[in-house]
Structure formats: structure tokens, C-alpha cells
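**Q** With the input below, show me the fold.
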Amino acid sequence: MAMISIPLSSALSIASGCTPVMGLISAIFGPAVSGLIGGSHYNILGPAGALVNINSKLVAENGVEIIPYVAILTGVFTLVCWFLKLEQYCMLIPLSVLEGFSLGVATTIGLSQLRNAFGLKNLPKHKDFYMNVFESFKNLDKAQSNEYIPFAIFFVILFSLAKFLPGRPWIILIAFCGLIYGFFTDGSANKPTLLKDVYPEML
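**A** As a prediction, the model looks like this:
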């Protein structure tokens with residue numbers, strides 16, 4: 001779980017409008033603290049995509065500095081629910097609601113990454129999610145082949161492996177292949193955008 005959480009945390013952090021480092025910190029310290037004080041049947045000890053759409057809007061409106069305060073407030077609410085024994089009512093949520101919520105989260109994460117997938121750079125960022133999606137589709141004619149072709153190949157391979165050989169952490173293999181691809185194309189005239197280009201402070 002920890003190995004899967006590391007790359008996933010960075011991806012979710014970027015989708016939320018934060019930095020990869022913030023995702024890495026949450027993936028390491030969150031599960032570590034939770035493991036020390038005891039687990040729960042109702043909490044995910046690691047990165048989760050449920051709040052990506054909320055976080056991305058908060059970051060767009062208030063800046064990335066708002067996220068630590070949101071995390072603290074979330075912790076307070078969690079403690080209150082634990083103290084009042086409200087977690088038992090989670091079982092009353094219909095499965096259809098949970099499935100619809102999960103679909104909404106997946107759609108938000110996927111569409112928010114259109115800019116990265118197609119190599120669309122210097123597009124204006126809007127506070128509303130749907131406006132950012134519209135902006136991406138409006139500028140698809142500016143898509144970079146060195147960005148979307150590798151994305152499409154890795155995307156098809158990942159989903160094919162997940163469908164025909166489920167139950168294995170294929171995301172780790174795909175992430176590793178992406179690292180190799182980035183390493184060998186770095187420095188070339190037609191290289192794709194790498195994490196170090198977007199987040200030079202990570203070096």
C-alpha cells in the first residue's frame with residue numbers, strides 16, 4: 001500500500017492544484033501517525049481522491065496556502081465524529097450515492113489533467129472546474145504530439161493490464177516506465193514536459 005501511495009499522492013496533489021511535495025508529505029506522515037495511534041474501518045490511511053474537486057476550487061480561490069488549514073479543520077471534524085460515535089451512520093449511505101460520488105471524483109481528476117495529457121501550456125486558469133475543462137477542449141488544436149502520444153500509449157497499456165490481469169499494482173510499473181522514458185528523452189529537442197520543468201524546486 002505504501003508503494004502505491006507515493007506516486008498516487010503526488011498525482012492527487014497535482015490534480016488538487018497543490019505541489020507533488022505536499023502529496024508526498026501527506027502520504028508519509030498521514031499513514032505513519034494513523035498507524036501509531038490505531039486504524040479505523042472508516043478511514044483511508046493514505047491519499048484519497050474524494051476531496052480533489054473541493055481542494056482544487058479552494059486552491060483556485062485562495063491559493064495553495066489554504067490546504068493546511070483545511071487539513072486541520074478536517075481533523076477537528078473527524079475527532080468530533082469519533083467522540084460522538086457518528087461513524088456508525090456511515091453504513092446508512094446508499095451504495096448508489098457512493099458509486100455516483102466515486103464516478104464524480106474520477107471524472108473530475110481525469111478531466112482536470114487534460115492540459116497535462118495534451119501538453120497545453122500557458123492556458124488561463126479559472127476558478128470553476130467546468131471552465132478549465134472548456135478551456136482545454138477549446139485549445140486542443142495546440143496539443144503537442146510528444147506529450148499526448150506517450151500519454152495515450154501508457155493509458156491504454158495501464159487499463160488493458162488492469163482489465164485482463166487485475167489485482168496487481170500495475171500503476172507502479174507504468175510510473176517506472178514513465179521515469180525511464182523521461183530520462184532518455186530529457187535533453188532532446190522534442191522532449192516532453194517533465195516534473196522538474198514544472199516543479200524545479202523539487203531538485
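
**Q** CA atoms for contacts and neighbours, from now on please.
**A** Will do.

**Q** could you pull out the helices for this structure?
**A** Under the criterion DSSP state H, helices of the chain are mapped to 2-15, 20-37, 52-62, 66-83, 95-112, 114-118, 129-138, 145-164, 170-185, 195-198.

**Q** can I have the fifth one written out in CSV, keeping just the CAs?
**A** Written as CSV, here are the backbone C-alpha positions of helix 95-112 (Å, rounded to 0.1, in the frame of the first residue of the first chain):
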residue,chain,number,x,y,z
LEU,A,95,-24.5,2.3,-2.4
SER,A,96,-25.8,4.3,-5.4
VAL,A,97,-24.7,7.5,-3.7
LEU,A,98,-21.2,6.1,-3.1
GLU,A,99,-20.9,4.9,-6.6
GLY,A,100,-22.1,8.2,-8.0
PHE,A,101,-19.7,10.1,-5.8
SER,A,102,-16.8,7.9,-6.9
LEU,A,103,-17.7,8.5,-10.6
GLY,A,104,-17.8,12.2,-10.0
VAL,A,105,-14.4,12.2,-8.3
ALA,A,106,-12.9,10.1,-11.1
THR,A,107,-14.3,12.4,-13.8
THR,A,108,-13.0,15.5,-12.0
ILE,A,109,-9.5,14.0,-11.7
GLY,A,110,-9.4,12.8,-15.3
LEU,A,111,-10.7,16.0,-16.9
SER,A,112,-8.5,18.2,-14.7
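
**Q** Quick check: mean pLDDT of that helix?
**A** For helix 95-112, mean pLDDT is 84.

**Q** Now the phi/psi pair for the nearest residue to N139 once chain neighbours are set aside, please.
**A** In space, N139 comes closest to L120 once its chain neighbours are excluded; the distance is 7.4 Å by Cα to Cα, 6 or more residues apart in numbering. Torsion angles at L120 (phi, psi; degrees, to the nearest 10) stand at phi -90, psi 120.

**Q** one step back: how about CSV for the helices of the chain, with mean neighbour count and distance to Y89 added?
**A** Output for the helices of the chain, formatted as CSV (neighbours: other Cα atoms under 10 Å; distance: least, Cα to Cα, whole Å):
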stretch, mean neighbour count, distance to Y89
helix 2-15, 20, 28
helix 20-37, 16, 22
helix 52-62, 18, 23
helix 66-83, 12, 10
helix 95-112, 14, 14
helix 114-118, 20, 37
helix 129-138, 16, 31
helix 145-164, 14, 33
helix 170-185, 14, 34
helix 195-198, 11, 42
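
**Q** Would you single out the least confident of those?
**A** The weakest mean pLDDT among those belongs to helix 2-15, with a mean of 56.

**Q** got the contact list for the residue nearest to N139?
**A** S136, N139, L140, K142, A143, Q144 (Cα atoms under 8 Å, 6 or more residues apart in numbering).

**Q** which residues does the closest residue to the last one other than its chain neighbours contact?
**A** To tie it back to what came earlier, the one meant is Q144. Once flanking residues are discounted, Q144 sits nearest to G119: 5.3 Å by Cα to Cα, 6+ apart. Applying Cα under 8 Å, 6+ apart to G119 gives the contacts A143, Q144, E147, Y148, P192, T193.

**Q** No more questions from me, cheers.
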